[in-house]
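Enquirer: the amino acid sequence is not available; the structure is as follows:
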């Protein structure tokens, strides 16, 4: 799956991923109106609004991008109808040949991580009948429990040719509270980065490992050092745009081959029509605003990579 | 909710929680047979088997115990039908007046943690209509992202009178890989424990905070030091029984008042009929075996606490 991701990045020229993290207040009134008049002001109604919103954004952007990253929390907040729409979104994106990164940040003791890995990346064997519970291509994983919390995910990746992005340094303001603490003179995130490199060694695709890392765009200076620690890991970089990161800040996350990182934007793309720059599209044409925002983001990042080379 | 938990522990005399972590191979053949003949060898069939299994165990144990802890991974592995049964299990346990600890180990950047907190502990406002997505009483939270990943959970707890158990030192063999690393001479888990105490200070119930901690039974010697660092935190102790912990090892997790900790057992209770000690019940009466295993566990832990006092 890492090979497919790299191929699609090369083909689209877009080292970006669209974060499908819908909040109700991102969804234009006409979409909400239609959903709530059909299903009432219920979890079902909210989930329907999310689905119609997602579908339009996917339809208007899928040919420009290699991958999407639905954040499962935004679906869990609408209960079971929300999770049904998470699954419908995963399936729809796969039907458009997009690589789907499930942003689930799971991680637990071995047997429990195995269940999460099966649920999100694998197949569950029900008396000989293999069923696909969610079927993402990659998932994000929390490393706090150490190797035996991560290994079951790696096992499923090997079997199913899937991949992981493991949290190394997150984009939020207080990420340093534990992640930056010094251990024998080095921050915890570097030790986690070393582990990611180690886990990834025996999980190589053609040029990159299918065990990647998450490093926030909001800490661009760390890109350089973590890039060196994990040369073969793809880095998923959240925090572009709304959280503050910009193309020129992100060049250190990339390798000299112009590859090795994929930058996520969520609100900046899916709620683009709310920004002044894209206001001309109006709420009715929110999908076109998202498309324009994708094009601008690709240009911003590609030209920064070009300028570096 | 912490007050309710403490009251129920006093009333039942049972500082324990039953982990509802069903694996298909724990479920007796006659339950599986009935489910699969009705729903086929599908996710729906597996979910139905889990539900019938859970219901019998709850029916046979609810009067002896204060709380249950369904591990959501075991439900996610069966996709949407699995999550429907997670929700049905939460609702059924609440109808039996059990405190429900959702073992979800979520944790993310602020806005995402807020969505998880809303989904699992709170109410989501859908155009003025407040809906309850999952409705657990407590959830487990991963601290790797620091305060701004935890605070949204705390905010919902304050509003809804719910509670948290934050991972401090997990029960798995490789938990030390990051959690034991020394920072200024002290292991990371102690720093996390200090944060739990700090977060918990302004979240006090009558005698205990509703911000608790997870510390594995498999590391009993740490109970003493973490008990001192977090005197007002309830400690959720996984790893009893099948993972190796025993009553006498756990006394340090309790305060002098005989309170302050709640010990989880999953496989040891729900699959008790598979153990030699309870084989006489047979697979048909697996619920009675679970009841006997609960009684034995309560006796083991209570007598260890008594012996210490």
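Expert: Alright, I've got the coordinates. Remember, it's a predicted structure, so these values are computed and weren't measured experimentally. Residues are numbered from 1 along each chain as shown, chains lettered A, B, ... in the order given.
Enquirer: CA atoms for contacts and neighbours, from now on please.
Expert: OK.
Enquirer: next, the contact list for the residue nearest the centre of chain A, please.
Expert: The residue at the geometric middle of chain A, judged as the C-alpha nearest the mean C-alpha position with Cα atoms, centre = their mean, is residue A:69 (3.5 Å). By Cα atoms under 8 Å, 6 or more residues apart in numbering or on different chains, the contact list for residue A:69 reads A:17-20, A:100-103, A:264.
Enquirer: of the residues you listed, closest to residue B:161?
Expert: Proximity to residue B:161 was ranked across these by Cα to Cα; first place goes to residue A:103, at 28.6 Å.
Enquirer: quick one: secondary structure of the closest one?
Expert: Judged by DSSP: H, G, I helix; E, B strand; the rest coil, the three-state class of residue A:103 is strand.
Enquirer: number of nearby residues for it?
Expert: A count of neighbours around residue A:103, defined by other Cα atoms under 10 Å in any protein chain shown, yields 23.
Enquirer: contacts only, for the residue nearest to it when sequence neighbours are not counted.
Expert: Counting by Cα to Cα, 6 or more residues apart in numbering or on different chains, residue A:103 lies nearest to residue A:71, which is 4.7 Å off, once chain neighbours are set aside. Taking Cα under 8 Å, 6+ apart as the criterion, residue A:71 is in contact with A:19-21, A:102-104, B:112.
Enquirer: quick one on the thing from earlier: which of the contacts of residue A:69 lies closest to chain B?
Expert: residue A:103 (9.9 Å; Cα to the nearest Cα).
Enquirer: still on that earlier bit, please report the distance of the residue nearest to residue A:103 from residue A:273.
Expert: Residue A:71 sits 20 Å away from residue A:273 when distances are taken as Cα to Cα, to the nearest Å.
Enquirer: check which residues of stretch A:90-100 are buried.
Expert: With burial defined by 16 or more other Cα atoms under 10 Å in any protein chain shown, the residues of stretch A:90-100 counted as buried are A:90-94, A:98-100.
Enquirer: ends of it, how far apart?
Expert: Start-to-end span of stretch A:90-100 (Cα to Cα) is 7 Å.
Enquirer: is any part of it close to chain B?
Expert: No. Stretch A:90-100 is not in contact with chain B by Cα under 8 Å from any Cα of the partner chain; minimum separation 12.6 Å.
Enquirer: show me how far that stretch is from its chain's centre.
Expert: 13 Å (Cα atoms, centre = their mean, to the nearest Å).
Enquirer: ditto for stretch A:195-203
Expert: In terms of Cα atoms, centre = their mean, the centre of stretch A:195-203 is found 20 Å from the chain centre.
Enquirer: quickly check: that stretch near chain B or not.
Expert: No. On the criterion Cα under 8 Å from any Cα, stretch A:195-203 is out of touch with chain B, staying 9.8 Å away.
Enquirer: ok, and what's touching that stretch?
Expert: With Cα under 8 Å, 6+ apart as the contact definition, stretch A:195-203 has outside contacts at A:158, A:166, A:209-213, A:229-233.
Enquirer: and stretch A:168-177, by the same measure?
Expert: Residues lying outside stretch A:168-177 but in contact with it, judged by Cα under 8 Å, 6+ apart, are A:143, A:179, A:189-190, A:192-193, A:213-219, A:238-239, A:243, B:109-110, B:144-149.
Enquirer: which parts of the stretch 201-309 of chain A are helices?
Expert: Taking DSSP state H, counting those that start in this stretch as the test, the helices found in the stretch 201-309 of chain A are A:220-229, A:267-270, A:286-308.
Enquirer: any idea which of those helices gets closest to residue B:27?
Expert: If you check each of the helices of the stretch 201-309 of chain A against residue B:27 by Cα to Cα, helix A:267-270 wins as the nearest, at 44.0 Å.
Enquirer: the closest one near chain B anywhere?
Expert: No. Contact of helix A:267-270 with chain B is not found when judged by Cα under 8 Å from any Cα; the minimum separation is 11.5 Å.
Enquirer: cool, thanks, talk later.
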